[in-house]
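Peer 1: Could you look at this predicted model? Sequence included:
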Amino acid sequence: MKFFLDTANLDELKKGAAWGIVDGVTTNPTLIAREGREIEEQIRLICDIVNGDISAEVVSTKAPEMIKEGRELSKIHKNVVVKCPLTREGIMATSALSREGIRVNVTLCFSPSQALIAAKAGAYIISPFVGRIDDISWHGMDVVRNIVQIYRNYGFKTKVLAASLRSPTHVVESALAGADIATMPFKVLDELFNHPLTDKGQEQFLRDWAKVFQEARG
Ligand code: E4P
């Protein structure tokens with residue numbers, strides 16, 4: 001399973017990259033706007049930090065403009081994956097860009113029927129939003145599970161990226177569901193490390209070591 005960071009923040013990306021466990025980055029207009037730079041510049045800076053798929057989202061709403069924007073975004077760096085929304089216009093743009101060999105991450109997916117459409121349009125990635133589905137009292141992870149099953153049934157190559165993840169449990173459940181990729185905020189990646197027995201065990205090892213070797217020397 002690949003781990004992507006769901007952030008456009010350079011400090012967070014540098015910290016995550018230093019652990020050597022970050023395979024890519026997802027951004028969206030909200031995350032880019034938060035950093036205060038033009039999208040081209042911010043994506044270029046991100047590509048310098050993480051060597052992997054970097055998703056950059058179009059903001060046009062009509063297919064011809066989305067296609068134009070997608071082509072421009074894809075020129076920023078070879079690792080850029082263009083993100084298109086799961087609207088009728090977005091799917092039209094996805095089909096066109098995919099035919100040109102531009103990789104598209106179809107975003108704002110909330111159902112298996114939408115995921116089927118994205119796969120048929122040639123999407124490279126489908127992004128079901130787990131947390132936002134949970135927010136409306138539905139089961140986000142069931143959507144991921146069903147998409148994985150449907151893609152397996154028909155041999156669709158589109159990768160399933162579990163998005164809108166809010167906790168370490170979401171990440172583990174995505175892995176159990178068979179998602180190809182989990183994208184998560186830096187905070188969630190950091191929380192994946194935590195276990196009280198690791199801390200307790202480490203303290204004990206160092207205490208025992210110090211008792212024999214440091215006291216003997218001192
Ligand atoms: C990633 O591709 C999505 O844009 C992101 O995971 C959405 O997360 P949110 O629901 O926490 O905003």
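Peer 2: Yes, it's here.

Peer 1: wouldn't D23 be in contact with F4 here?
Peer 2: Yes - at 6.2 Å, D23 counts as touching F4 under the criterion of C-beta atoms under 8 Å. (Each C-beta comes from the backbone N, C-alpha and C, glycine too.)

Peer 1: Find the residues that touch each one of those two.
Peer 2: 52-53, 181 (C-beta atoms under 8 Å, 6 or more residues apart in numbering).

Peer 1: Let me have the residues you listed in CSV, extended by secondary structure, distance to the ligand and neighbour count.
Peer 2: Formatted as CSV, the shared contacts of D23 and F4 follow (DSSP: H, G, I helix; E, B strand; the rest coil; distance: C-beta to the nearest ligand atom, whole Å; neighbours: other C-beta atoms under 10 Å):
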residue, secondary structure, distance to the ligand, neighbour count
G52, coil, 14, 17
D53, strand, 11, 21
I181, strand, 10, 22
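
Peer 1: I'd like to know how far D6 sits from the ligand.
Peer 2: Distance, D6 to the ligand, by C-beta to the nearest ligand atom, to the nearest Å: 5 Å.

Peer 1: ok, now T26?
Peer 2: Noted for T26: a distance of 4 Å to the ligand, by C-beta to the nearest ligand atom.

Peer 1: ok, what's across the strand from that residue?
Peer 2: Taking DSSP bridges as the rule, T26 bridges to S55.

Peer 1: Per-residue pLDDT of it, please?
Peer 2: Looking at T26, its pLDDT reads 98.

Peer 1: surely it meets L161?
Peer 2: Yes - between T26 and L161 there is a contact under C-beta under 8 Å: 7.4 Å.

Peer 1: joint contacts of those two?
Peer 2: 4, 105, 127, 183.

Peer 1: Just list the residues touching the last one, thanks.
Peer 2: With contact taken as C-beta under 8 Å, 6+ apart, T183 is in contact with 3-6, 24, 26, 127, 161-163, 165.

Peer 1: What of the third one?
Peer 2: Taking C-beta under 8 Å, 6+ apart as the contact definition, S127 lies against 26, 83, 105-109, 161, 163, 183.

Peer 1: Can you list the strands that the helix or strand containing it pairs with?
Peer 2: Assigned by DSSP states H and E, S127 belongs to strand 125-128. If you go by DSSP bridges, strand 125-128 pairs up with strand 104-109 (parallel), strand 159-162 (parallel).

Peer 1: what about the shortest one and the ligand, touching?
Peer 2: Yep, that's strand 159-162 we're talking about. No - using C-beta under 6 Å from any ligand atom, strand 159-162 never reaches the ligand; the gap is at least 7.1 Å.
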